[in-house]
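Enquirer: how does the following fold in three dimensions:
(chains A and B)
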Amino acid sequence: MAMVEVRGVRKVYRRDTQAITVLDGLDLDVQEGEFLALMGPSGSGKTTLLNLIAGIDRPTAGSVNVAGTNVATLSEGALARWRSHNVGFIFQFYNLIPVLTAEENVALPLLLARLSRKERSERALTALKIVGLADRAKHSPRQLSGGQEQRVAIARAIVGDPKVLVADEPTGDLDAKSAEEILTLMDTLNRDFKKTIVMVTHDPRAAQRARRQLHLDKGVLQA
Amino acid sequence: MRYLPYILKHLKRHWVRSLLTVLAMTFCIFVFCVLQSFLAALQRGLDSTNANRLVTRNAVSLVFNLPVTYKERIAGVPGVERVSAQNWFGGARKAGDFKDFFPNMAVEAEPFLEMSPEYILTEEQKRAWLENQTGCIIGPATAEKYGWKVGSTFQLESFIPPYRASKPFEFTISAIYATDDKQYPGTDKTIMFFHRKYLDEATGRHVGVGTFAIQIADKTQAGAICRTIDDLFENSERQTHTETEKQFLASFLSMAGNLALLLNWIGLAVIFVILLVTANTMSMAVRERRTEMGVLKTLGFSSGKVMGLVLAEAGLLGALGGAIGILFSSGMIKVLAMVPNVGPVVQGLGGLPGPVALTGFGLALGIGLIAGLAPAVAAYRASITDLLRHV
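Expert: Numbering: from 1, shown residues only, chains lettered A, B, ... in the order given. This next block holds a predicted model:
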């Protein structure tokens, strides 16, 4: 069974009286350990599909099975718990909490687990070590470069050891060198840590680093 | 508790705004606690009254005295056990100097002692007072304030013209009465009592009676006895108004307007303003952090947990302000106890009353939580995609 199994997914947004169909009967399989890049023009439905896979939005119709769970059927609370165990999300603009240090940002998802303060700190430092920023643990986001912030955000995404990583334009706000570092890191997470990665990107060079590329146009997937 | 460091860091984020909100809350709880302590002190005075005691005064005003001859007629009313004529002397060590003032009253010692068990004296102390016409009994708080002991002498001069003599009144302390806060809570520890006949003799005339304190046998008959006494003097030149001691004290206090109502309204107004200030702070704080809340939800925080974090932050602001407000008000009550005119009223409280402090803290917490409720519910309801759209 695929790690991500999307079947007949339809997503309609309502704006006042107008219904906007973003995805219409979409099917997609992502195998365990795969690194998939989703490309396409703005408004093609890439982020919507990513949000459905990450369980932060619900389909209007169809099913989204991720790691063996149909996330479309879960209650709000159960879905939140499911996200904390199964999905790591990497944002385009990092979205670190500015008042927390790098270590505290990484440890944030662990507040939901029954761990002591020491255990949370140890795990956060391990995640920071993986992304090569252990020496910046006590730095605040303001003291980090864009690339470093994104690496901290990746550490936050992997600290709970999720099965799936979803990344929405992870290099979209970075210079070429930092983008390369981030892509190398994601490659490592995929190869060495066997993480299944679904990445949305506009950047063809970034997409080349993935094992498979798919194009989405007007809600329809093209190989 | 694991979320506390996270919440504190957010409060530190805009520390000036947080500090100002906490200070506003501090001011609110400070005002509330001081006003309520004052009311508690007044209520304590009312609670110390005896249901078996009535007070008869001039129906027109307390300013006008009643004839001494009324005493015998009141004593003859069925149900009346004893009557003590008394006058509020208004004496100070310097006439009219209310900065150095303690309450003092001329009474008929024997019936007064019989009907006032809250002023505790040994038989020997009673005898010592009864045998000395210039003797007085005095409250322990006043004795301590001036360093007076039994046998100490002092002078008082009244600011009330009929009670003024050619020279100040000289007094010798016959006894310092004791009090029992368990059996007679709220007993005044500052007042001084002296012989009425000394007042008459020193002024060289019968000055009339300010009030008659009346002890009755059955408190359930108080209403009927009050009417009977007032009926006795209905056709007299000086009509009377008789009421229970509690009613008398309450009406005496209400001469300054409905103090309790006024103080409560002031407190409510302050609370309402602070509620708006805190609500504004919390709305701003949450509006600025919509993306952050979206991130928290994405990481697996449930909507309820995010709502709880907002409420906890608001509650903490309230609790901090409340705690500091209680500390300040506690200090203020101690300071007020040393202020001449107000001191005697609040001294009996022995500091900020526990129930007032608890109510104040609960109020601060409540204001914080109510102020945080609307933004917390908004954070609860918002979907992750809506929250993240604010990037």
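
Enquirer: quick one: contacts of stretch B:249-269?
Expert: Stretch B:249-269 is contacted from outside by B:31, B:32, B:35, B:36, B:38, B:39, B:42, B:45, B:46, B:49, B:62, B:243, using Cβ atoms under 8 Å, 6 or more residues apart in numbering or on different chains. Glycine gets a C-beta too; all of them are placed from N, C-alpha and C.

Enquirer: which positions within that stretch qualify as buried?
Expert: Buried residues in stretch B:249-269, counted by 16 or more other Cβ atoms under 10 Å in any protein chain shown: B:249, B:250, B:253, B:260, B:263, B:267.

Enquirer: in helices only, show me those.
Expert: B:249, B:250, B:253, B:260, B:263, B:267 (DSSP state H).

Enquirer: mind checking how far the residue nearest the centre of chain A is from residue B:384?
Expert: Closest to where the C-alpha atoms of chain A average out (Cα atoms, centre = their mean) is residue A:166, at 2.1 Å. Between residue A:166 and residue B:384 the distance is 13 Å, computed by Cβ to Cβ, to the nearest Å.

Enquirer: how about a markdown table for the contacts of stretch B:249-269, with secondary structure added?
Expert: Shown next, in a markdown table, are the contacts of stretch B:249-269 (DSSP: H, G, I helix; E, B strand; the rest coil):
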| residue | secondary structure |
| --- | --- |
| B:31 | helix |
| B:32 | helix |
| B:35 | helix |
| B:36 | helix |
| B:38 | helix |
| B:39 | helix |
| B:42 | helix |
| B:45 | helix |
| B:46 | helix |
| B:49 | coil |
| B:62 | coil |
| B:243 | strand |
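
Enquirer: what about residue 186, how many neighbours?
Expert: Since you didn't name a chain, this refers to chain A. Close neighbours of residue A:186, defined as other Cβ atoms under 10 Å in any protein chain shown, add up to 23.

Enquirer: the chain in question should be chain B.
Expert: With other Cβ under 10 Å as criterion, residue B:186 counts 20.

Enquirer: which of the buried residues of stretch B:249-269 lies closest to residue A:88?
Expert: residue B:267 (51.7 Å; Cβ to Cβ).

Enquirer: gap between that closest one and residue B:336?
Expert: 17 Å.

Enquirer: any idea how far the helix-or-strand element of chain A with minimal mean pLDDT is from the chain center?
Expert: When the helices and strands of chain A are scored by mean pLDDT, DSSP states H and E, strand A:220-222 comes last with a mean of 82. Offset of strand A:220-222 from its chain centre (Cα atoms, centre = their mean, to the nearest Å): 20 Å.

Enquirer: buried residues, that strand. List them.
Expert: Buried-residue list, strand A:220-222, by 16+ other Cβ under 10 Å: residue A:221.

Enquirer: and what of stretch A:32-52?
Expert: A:34-40, A:44-52.

Enquirer: which ones among the residues you listed also lie next to chain B?
Expert: residue A:51 (Cβ under 8 Å from any Cβ of the partner chain).

Enquirer: can you give me the strands for chain B?
Expert: Ranges of strands in chain B, per DSSP state E, are B:53-58, B:80-88, B:91-92, B:104-107, B:135-138, B:153-158, B:169-176, B:192-195, B:211-216, B:240-244.

Enquirer: next, format the contacts of stretch B:249-269 as CSV and append distance to chain A, neighbour count and pLDDT.
Expert: Listed next are those as CSV, based on distance: Cβ to the nearest Cβ, whole Å; neighbours: other Cβ atoms under 10 Å in any protein chain shown; pLDDT from 0 to 100:
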residue, distance to chain A, neighbour count, pLDDT
B:31, 32, 21, 91
B:32, 32, 27, 90
B:35, 37, 21, 87
B:36, 37, 23, 87
B:38, 42, 20, 82
B:39, 42, 17, 82
B:42, 47, 19, 77
B:45, 51, 20, 71
B:46, 52, 15, 72
B:49, 57, 18, 73
B:62, 63, 15, 82
B:243, 63, 18, 92
